[in-house]
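Engineer: below: sequence and its predicted model.
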Amino acid sequence: MLTYNVQLRKEEEGGYTAIVPALPGCITYGETVDEAIAMVKEAVELYIDELTDRGEPIPDDTHTLELSIHVEAV
């Protein structure tokens with residue numbers, strides 16, 4: 001089982017962009033959060049299939065911590 005952090009960004013025009021930082025270029029979109037999650041799961045599976053076909057290593061985020069910080073704007 002592989003683990004990936006996913007960033008969901010709400011778009012001004014509607015919907016959500018889903019980005020997988022550990023997999024460069026693995027970006028997709030969904031009209032709702034649920035759709036974006038389903039789309040990103042499919043995108044990750046296709047990405048991993050492509051890496052496997054090329055014989056390249058498959059990165060994951062198992063040991064990556066992700067957090068948010070708050071800072072005051074000057």
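Structural biologist: Sure, I can see it. Residues are numbered from 1 along each chain as shown.

Engineer: do you know the pLDDT at Thr8?
Structural biologist: Wrong residue type there; residue 8 is Leu, not Thr. At Leu8, the pLDDT value in this model is 96.

Engineer: who's in contact with it?
Structural biologist: With contacts defined as CB atoms under 8 Å, 6 or more residues apart in numbering, the neighbours of Leu8 are 16-18, 33, 36-37. (Glycine included, C-beta is placed from N, CA and C.)

Engineer: tabulate those residues in TSV, adding columns for pLDDT and secondary structure.
Structural biologist: Putting the contacts of Leu8 into TSV (pLDDT from 0 to 100; DSSP: H, G, I helix; E, B strand; the rest coil) gives the following:
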residue	pLDDT	secondary structure
Tyr16	98	strand
Thr17	98	strand
Ala18	97	strand
Val33	97	helix
Ala36	98	helix
Ile37	97	helix
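
Engineer: mark which of these are buried, thanks.
Structural biologist: Among these, the ones that count as buried by 16 or more other CB atoms under 10 Å are 16-18, 36-37.

Engineer: closest to Glu50 among the contacts of Leu8?
Structural biologist: The closest of the contacts of Leu8 to Glu50 turns out to be Ala18 (CB to CB; 17.6 Å).
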